[in-house]
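Asker: following is a predicted model, sequence given first.
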Amino acid sequence: MDIKTLRAYFQSENDAVSAQSSLASVRSQQLFIDEIPSGFDREIFIPVIPYGPHWGLFQGIAIQEEEIDVNEKNEQPMTHLLEAQIAEDDIEKAATIISNHNGYRLRKK
């Protein structure tokens with residue numbers, strides 16, 4: 001079974017904890033939540049929106065994203081990071097869970 005690393009960002013600890021709890025329904029391990037240090041306010045975060053088999057939340061997986069204005073600012077700062085190891089067969093379900101809990105991903109530059 002292949003395992004992928006998921007990283008999702010949230011605007012509140014409650015959203016991150018809620019997403020973490022919901023990820024119990026997929027094959028996951030090493031789930032943790034961490035507070036994001038200052039300095040991330042200059043990064044651009046993109047809401048997680050289900051596009052298909054590739055979500056951009058996982059390392060080593062192709063990213064599909066719509067065009068976004070690089071000058072666009074996040075209305076609220078991201079405060080928490082959720083990281084987990086997810087079984088490859090459960091990637092789509094995990095990404096949908098993150099989307100349902102208002103998760104974001106870091107836009108790659």
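Answerer: Cool, the structure landed.
Asker: after the helix-or-strand element of the chain with minimal mean pLDDT, next one along is what?
Answerer: Lowest on mean pLDDT, DSSP states H and E among the helices and strands of the chain sits strand 45-47, with a mean of 71. The C-terminal neighbour of strand 45-47 among helices and strands, as given by DSSP states H and E, is strand 80-87.
Asker: in stretch 26-41, which residues are buried?
Answerer: Counting neighbours by 16 or more other C-beta atoms under 10 Å, one finds that the buried residues in stretch 26-41 are 26-28, 31, 33, 36. C-beta here means a position set from N, CA and C on the backbone, and glycine is covered the same way.
Asker: farthest-separated two in the residues you listed?
Answerer: Maximum pairwise distance among those (C-beta to C-beta): 26.3 Å, between Arg27 and Ile36.
Asker: and Ala24, that's in a helix?
Answerer: Yes - assessed with DSSP: H, G, I helix; E, B strand; the rest coil, Ala24 lies in a helix.
Asker: OK, contacts around Val80?
Answerer: Just to correct that, residue 80 is His rather than Val. By C-beta atoms under 8 Å, 6 or more residues apart in numbering, the contact set of His80 is 9-10, 12-13, 15-16, 33-36.
Asker: what about 6 Å?
Answerer: Shown in contact with His80 (C-beta atoms under 6 Å, 6 or more residues apart in numbering): 10, 13, 16, 33, 35.
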